[in-house]
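Peer 1: 3D model of this:
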Amino acid sequence: PEVNSTTRTLRARIEVANPGHRLAPGMFATIAAAATAKPATLLVPSEAVIQTGKRSVVIVAESGADGKQQFAPVDVEIGAESNGMTEIKTGLKKGMKVVLSGQFLIDSEASLKTTGARMGDAPPAANAAANTGEGKVEAIEKDGVTLSHGPIKSLKMGAMTMTYKAPKNGVPGGIKVGQTVSFDLALTPDGEMALTRIEQVPVPVTGGKK
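Peer 2: Numbering: from 1, shown residues only. Predicted coordinates for the structure are as follows:
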């Protein structure tokens, strides 16, 4: 979300194979990325794609039964973006007309976010469950907590070690490095992943017979 003002570096998250667990948190590595040849792909101007945070939508222009032009939102799966063009993996077919008008897209984006019943975007309140995970505390900083945790399916995140923004009220005093915790994540308006809850997972107590 931002460049470190001191080191002028930007944190990135990638997924790589780790056979034999040779890669470990805190390790320095050299990564080489190479583009692979792709078959012909369907492209649309990037400005045609409306991203609401949970969906990627393109407004398609089509002729109605009365011959008049109509507009309909279509959910798409996007791929790579380059030089102002975005790859469309699913949702559109070659020859479809998509809307590019900036004003129209602004109005459409507002509609997508505020009129869920019409556009099918806003989930019911009961479905607005927290993105819950469980992991180990690796570090506690002033504004963040580093956790190594398992997959979080609701966010399509795999197992990883990541630093998250601390909860608004700060990290509870009882949380310490090395503890196993349960937590909730939420996406902030500025695009950061923030902790909204972090609690120690109680250690089961076992006792033997006297």
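Peer 1: Phi and psi next, for the residue nearest the centre of the chain.
Peer 2: Nearest residue to the geometric centre of the chain (CA atoms, centre = their mean): Leu155, 5.9 Å. Dihedral angles of Leu155 (phi, psi; degrees, to the nearest 10) stand at phi -110, psi 0.
Peer 1: what about Glu199, neighbour count?
Peer 2: For Glu199, the count of nearby residues is 13 (other CB atoms under 10 Å). For the C-beta atoms, the positions are set from N, CA and C on the backbone; glycine is no exception.
Peer 1: Let me see the contact set for it.
Peer 2: 172, 175, 181-183 (CB atoms under 8 Å, 6 or more residues apart in numbering).
Peer 1: try 10 Å this time
Peer 2: 172, 174-175, 179, 181-184 (CB atoms under 10 Å, 6 or more residues apart in numbering).
Peer 1: same check, this time on Glu81
Peer 2: Contacts of Glu81 by CB under 10 Å, 6+ apart are 43, 46, 49, 87.
Peer 1: again, but for Ser56
Peer 2: Here Ser56 is in contact with 49-50, 74-78, 86, 88, 91 (CB under 10 Å, 6+ apart).
Peer 1: which of those lies closest to Ala17?
Peer 2: Distance to Ala17, by CB to CB, is smallest for Glu77 among those, at 23.4 Å.
Peer 1: Might one say that that closest one is in contact with Thr41?
Peer 2: No: using CB atoms under 10 Å, Glu77 makes no contact with Thr41, being 12.0 Å away.
Peer 1: where does this structure have low pLDDT?
Peer 2: Confidence mapping of the chain against pLDDT under 70 gives the ranges 1, 34-38, 64-65, 101-130, 189-191, 203-210.
Peer 1: can you give me the strands for it?
Peer 2: For the chain, the strands defined by DSSP state E cover 42-45, 49-51, 56-63, 69-75, 77-82, 85-90, 97-98, 131-140, 144-149, 160-165, 180-187, 193-200.
Peer 1: what pairs with the fifth one, and is each one parallel or antiparallel?
Peer 2: Partner strands and pairing direction for strand 77-82 (DSSP bridges) are strand 85-90 (antiparallel).
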